[in-house]
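Peer 1: Coordinates only, no sequence provided:
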């Protein structure tokens with residue numbers, strides 16, 4: 001029984017350094033705030049563009065329906 005616990009402990013200690021090295025690789029890196037701001041700006045710009053296209057399409061469809069009905 002005592003050899004089983006020793007064997008089990010050695011397996012755990014051998015696996016532990018690998019987990020520590022994996023955690024070091026996952027550590028957060030420095031982030032450039034200007035890049036993040038630019039991404040947000042580009043997303044908002046794209047969203048505004050899509051909203052404008054939807055508004056223009058809606059207005060055109062109403063205009064075409066009005067022309068056809070009259």
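Peer 2: Received the coordinates, thanks. Predicted model only: the values in this text are computed from it and were never measured. Numbering: from 1, shown residues only.
Peer 1: what's the distance between residue 68 and residue 57?
Peer 2: For residue 68, the distance to residue 57 equals 16 Å [C-beta to C-beta, to the nearest Å]. In this view, the C-beta of every residue, glycine as well, is placed from N, C-alpha and C.
Peer 1: Check which helix or strand residue 49 maps to.
Peer 2: Using DSSP states H and E, residue 49 sits within helix 33-69.
Peer 1: Okay, buried residues for that helix please.
Peer 2: Buried residues in helix 33-69, counting neighbours by 16 or more other C-beta atoms under 10 Å, are absent.
Peer 1: per-residue confidence averaged over that helix?
Peer 2: Confidence for helix 33-69, expressed as mean pLDDT, is 96.
Peer 1: That one packs against which elements?
Peer 2: Helices and strands touching helix 33-69, by 3 or more C-beta pairs under 8 Å, 6 or more residues apart in numbering; DSSP states H and E: there are none.
Peer 1: Tell me, how many residues neighbour residue 31?
Peer 2: Residues lying near residue 31 (other C-beta atoms under 10 Å) number 8.
Peer 1: Check whether it sits in a helix, strand or coil.
Peer 2: coil (DSSP: H, G, I helix; E, B strand; the rest coil).
Peer 1: Just want the phi and psi numbers for it.
Peer 2: Here is the backbone geometry of residue 31 (degrees, to the nearest 10): phi -120, psi 130.
Peer 1: List the residues that contact it.
Peer 2: Going by C-beta atoms under 8 Å, 6 or more residues apart in numbering, residue 31 touches no other residue.
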